[in-house]
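Using only what follows, build the 3D model:
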Amino acid sequence: MKEQILELLKSDSLQGYFSGIDLFLDSYRNNSLTSAHLDHEMIERTCAVFLIERWAEHEDWNVALDKFMEVLPGYNEYLSHEDVGHYLRGLAIFIDGIYGGEIDLSGFIYPSGNVYINAQTAAQSLKEFFKEQNDEASAGLFEEIETFFDSIASGQFGAARILTELRDWSVEMAQGFYVVMSRTEYNRVWMLRSLYKVVDSPIIREHVFEKFLNVLRSMRVQYEENGENEKLEQMDEFIETVVAASKGD
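Residues are numbered from 1 along each chain as shown. Model prediction:
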């Protein structure tokens, strides 16, 4: 089973990758896969969905983004529309960002915690707007965009459920988790909070929380020495959040 899951996680298809996450979760729940089968690679490849915009080169990923980048400028006349202009602006900026491997939520008025749900919700609102305008072609386009981002959000929620259900962590598994968590910006807290059931594990404490807090505290010292008060304040708040997560809060 491990080999089958890994094959999917290495798939050239984005949907194949998401199928690997689904199979991982199902297999763990029915005991056909246990923690004894898991290692650094399994956890890192699964958690990689939390920073998918940094590494994805799947054919269906590239084809979808190329299409969206090509057609969205054709809707620029709606950017000033009082009902849907902000949805279109947020969606366009977001897609441009992930096309370049970055997350940019600056176009959304009230961004939510899960970054891809912002794009899904905006596309859904635009779909409904064009349906009301009897513009089926445009409604179909934004439904396609909605489905694309829904699949990514679902993949991330699936990975979060895996992290929440895993009980017996090895050092290798914790290291695989840490590699991704330390590199993602928007999903760090979500990933850390997904470990709330195993925060008392010595391995999780040492190889995830203590390791990460040591890095953050070193950065804090640098900010303090350089007189970077704004960064210092933000770091103090973030450290408090990580400490709370380390206690299962």
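
use CA for all of it now, contacts and neighbours both
Will do.

Next SSE downstream of the longest helix seen in the chain?
Looking across the chain with DSSP state H, the single longest helix is helix 136-165. Counting by DSSP states H and E, the next helix or strand C-terminal to helix 136-165 is helix 171-181.

between that next one and helix 136-165, how big is the angle?
If you take axes from the mean of the first three to the mean of the last three C-alpha atoms, to 10 degrees, helix 171-181 sits at 140 degrees to helix 136-165.

which residues are in contact with the next helix or strand after helix 171-181?
The first helix or strand that comes after helix 171-181 along the chain, using DSSP H and E, is helix 188-193. With C-alpha atoms under 8 Å, 6 or more residues apart in numbering as the contact definition, helix 188-193 has outside contacts at 160, 163, 181-182, 241-242, 245-246, 248-249.

pLDDT (mean, whole number) over helix 188-193?
For helix 188-193, the mean per-residue pLDDT is 96.

could you dump that helix to CSV, C-alpha only?
In CSV, the C-alpha atoms belonging to helix 188-193 read as follows (Å, rounded to 0.1, in the frame of the first residue of the first chain):
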residue,chain,number,x,y,z
ARG,A,188,2.4,27.0,9.4
VAL,A,189,-0.1,27.6,12.2
TRP,A,190,-2.6,25.3,10.6
MET,A,191,-0.1,22.5,10.2
LEU,A,192,1.2,23.0,13.8
ARG,A,193,-2.3,23.0,15.2
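
any idea how far that helix is from the chain center?
Taking C-alpha atoms, centre = their mean, to the nearest Å, the mean C-alpha location of helix 188-193 is offset from the chain mean by 10 Å.

same question, stretch 28-41
22 Å.

Spatially central residue in this structure, please.
Centrality entry for the chain: nearest residue to the mean C-alpha point is residue 50, 3.1 Å, by C-alpha atoms, centre = their mean.

how close does that one sit to residue 67?
Residue 50 sits 23 Å away from residue 67, going by C-alpha to C-alpha, to the nearest Å.

by contact count, what packs against the strand or helix carrying residue 25?
Using DSSP H and E, residue 25 sits in helix 14-29. If you count contacts as 3 or more C-alpha pairs under 8 Å, 6 or more residues apart in numbering; DSSP states H and E, helix 14-29 packs onto helix 2-9, helix 59-71, helix 136-165.

to the chain's geometric centre, what's the distance from the second one?
Distance of helix 59-71 from its chain centroid, counting by C-alpha atoms, centre = their mean, is 19 Å.

Can I get the very next helix or strand once past that helix in CSV? Just the C-alpha atoms.
Toward the C-terminus, helix 59-71 is succeeded by helix 85-99 as the next helix or strand (DSSP H and E). Provided in CSV are the C-alpha atoms of helix 85-99 (Å, rounded to 0.1, in the frame of the first residue of the first chain):
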residue,chain,number,x,y,z
GLY,A,85,-15.3,43.8,-9.1
HIS,A,86,-13.5,42.9,-5.9
TYR,A,87,-13.9,39.2,-6.5
LEU,A,88,-12.4,39.5,-9.9
ARG,A,89,-9.5,41.6,-8.7
GLY,A,90,-8.7,39.3,-5.8
LEU,A,91,-8.9,36.2,-8.1
ALA,A,92,-6.7,37.7,-10.8
ILE,A,93,-4.0,38.9,-8.4
PHE,A,94,-4.1,35.5,-6.6
ILE,A,95,-3.8,33.5,-9.9
ASP,A,96,-1.0,35.8,-11.0
GLY,A,97,0.8,35.1,-7.7
ILE,A,98,0.6,31.3,-7.8
TYR,A,99,1.6,31.4,-11.4
